[in-house]
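Trainee: model the following, please.
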Amino acid sequence: MSLYDRVSNLPLVVEGYTLDGLDHVVSAEFTRRTTVISLHGAGEEGVGEDVTYDGELQDAQQERGPVLPLAGEWTLDTFSTQLAALPLFPEEPERHAYLDYRRWAFESAALDLALRQAGVSLGDAVGRVPRPVTFVASGGLGEPPSTVRLRAFLSINPGLRFKLDARPDWTDAIFAELQELGCVDSIDFKGHYSGTSVDNPPDPDLYRRAIEAFPEAWLEDPALTEETIPILEPHADRVTWDAPIHSVADIEALRWPPRTVNIKPSRFGALERLLAAYDHCDAHGIDAYGGGQWELGPGRGHIQLLAALFHPDTPNDVAPGGYNAAEPEPGLPASPLAVAARATGFAVV
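Mentor: Here you go, the predicted structure:
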């Protein structure tokens, strides 16, 4: 039985939903805004989080209120079919990925609500027990690049590992410092973004230097060009993918059969596509690791619980929110992270 078959026919009663905004000032230039979707029915509540990055789109959704026709008696599968037919945005968003981000918010809330109404946890439903999650801290080194922030986190958590966004302005001294620290699990080239604040056009020299400096690190999302393919091909077993992965078809279409891929639930949109990816990876001996989207609320618990159930031992980019801060605060949990699932639903305690 597929993972989706284990949950698709769960009954779901929806009487209505509410929208609540969350925000966190990341810097003078960026305030992260998300929306918590709360579905209500049969005396229970299920929650999800819309991680769309455009703050104005988040504000507009909250101002419109709960206008989607979601009330009724469904199964998880028929509710998903209803979502697919609805205009989740009044107009097509500039970034197509936002459609999946918003859909995942409603699908994850529906999963949470259906499980609570059934009186079971996600682990119960899929026959898995959550285990402590290995995690990495992710991000860049700033402008100009510096290892000061990394060293601050390492001072309170010496075993911490990092997933770092490589940039062309990394100097030889930065590479040397990172080698000395010995804390790099993954290098993210961000080669598949366009028109965003994190665009990183292909740089053959950067790729070559990173490959040589970190001979055991994962190489995530390089751009494949005539100049970069010859550099990457001898190290194809270390190449992994994040931004291009939205479905099983995307995994099957990769140039090199992957040893591992980054599975971000919000990129898949539909629960069926997400669970199919887990099934595919399991059937083909592909490791998965989780990733997030600056979740501020229940979405972070969701990605941690999925990691605990499906890929607890890989370098999951699902660290507690404190690891996104400019400076560490005392008491941050170390990896592996104990993830305590609620007795019912798709949530952590």
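
Trainee: does residue 242 belong to a helix, a strand or coil?
Mentor: coil (DSSP: H, G, I helix; E, B strand; the rest coil).

Trainee: ok, residue 116 next?
Mentor: Remark: residue 116 carries the secondary structure label helix [criterion: three-state DSSP].

Trainee: residue contacts, it?
Mentor: With contacts defined as CB atoms under 8 Å, 6 or more residues apart in numbering, the neighbours of residue 116 are 44, 45, 46, 344, 345. For the C-beta atoms, the positions are set from N, CA and C on the backbone; glycine is no exception.

Trainee: ok, residue 269 next?
Mentor: Contact partners of residue 269, counting by CB under 8 Å, 6+ apart, are 99, 100, 101, 103, 104, 107, 246.

Trainee: look up how far residue 10 lies from it.
Mentor: To residue 10, residue 269 is 19 Å away according to CB to CB, to the nearest Å.

Trainee: one step back: buried subset of the contacts of residue 116, written for PyMOL?
Mentor: Restricted to buried positions by 16 or more other CB atoms under 10 Å, the PyMOL selection for the contacts of residue 116 reads:
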select buried, resi 44+46+344+345
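
Trainee: max pairwise distance over the contacts of residue 116: which two?
Mentor: Maximum pairwise distance in the contacts of residue 116, criterion CB to CB, is 11.3 Å, between 45 and 344.

Trainee: and the strands in the stretch 1-150 of the chain?
Mentor: Per DSSP state E, counting those that start in this stretch, the stretch 1-150 of the chain has strands spanning 11-14, 16-25, 31-41, 44-50, 72-75, 137-139. These are given in chain order.

Trainee: so which of those is nearest residue 306?
Mentor: Comparing those by their distance to residue 306 (CB to CB), the top pick is strand 44-50, with 12.8 Å.

Trainee: residue 121 and residue 344 touch, don't they?
Mentor: Yes. The criterion here is CB atoms under 8 Å, and residue 121 meets it with residue 344 at 5.8 Å.

Trainee: who touches the helix or strand that contains residue 304?
Mentor: Here residue 304, judged by DSSP states H and E, is contained in helix 298-310. Helix 298-310 is touched from outside by 34, 36, 47-49, 51, 105, 108, 122-123, 126, 128-133, 135, 264-266, 278, 288-293, 295, 314, 316, 318, 320-321, 337, 339, 341, 346-348, with contacts defined as CB under 8 Å, 6+ apart.

Trainee: average pLDDT across it?
Mentor: Looking at helix 298-310 alone, the average pLDDT works out to 98.

Trainee: next one: stretch 274-289
Mentor: Confidence over stretch 274-289 (mean pLDDT, whole number) is 98.

Trainee: tell me the buried residues in it?
Mentor: Of all the residues in stretch 274-289, those buried under the rule 16+ other CB under 10 Å are 274, 275, 276, 277, 278, 279, 280, 281, 286, 288, 289.

Trainee: just name the closest of those residues to residue 256, please.
Mentor: Nearest to residue 256 among these is residue 286, at 11.7 Å by CB to CB.

Trainee: pretty sure that closest one is touching residue 256, no?
Mentor: No. Under the criterion of CB under 8 Å, residue 286 makes no contact with residue 256, lying 11.7 Å away.

Trainee: so which residues of the stretch 1-150 of the chain form helices?
Mentor: Taking DSSP state H, counting those that start in this stretch as the test, the helices found in the stretch 1-150 of the chain are 3-7, 55-64, 76-85, 97-118, 122-126, 148-156.

Trainee: of these, which stretch is the most buried?
Mentor: Per-residue neighbour counts averaged over each of the helices of the stretch 1-150 of the chain give the maximum for helix 97-118, namely a mean of 25 (mean count of other CB atoms under 10 Å).

Trainee: and it, average pLDDT?
Mentor: Average pLDDT, helix 97-118: 98.

Trainee: relative to strand 16-25, how tilted is it?
Mentor: Using axes from the mean of the first three to the mean of the last three CA atoms, to 10 degrees, the direction of helix 97-118 lies 120 degrees away from that of strand 16-25.

Trainee: partner residues bridging residue 138?
Mentor: Beta bridges link residue 138 to residue 163 when assigned by DSSP bridges.

Trainee: quick one, what contacts it?
Mentor: The contact partners of residue 138, taken as CB under 8 Å, 6+ apart, are 162, 163, 164, 165, 188, 317, 319.

Trainee: any idea how far it lies from residue 316?
Mentor: In this structure, residue 138 and residue 316 are separated by 10 Å, where distance is defined by CB to CB.

Trainee: much appreciated, bye for now.
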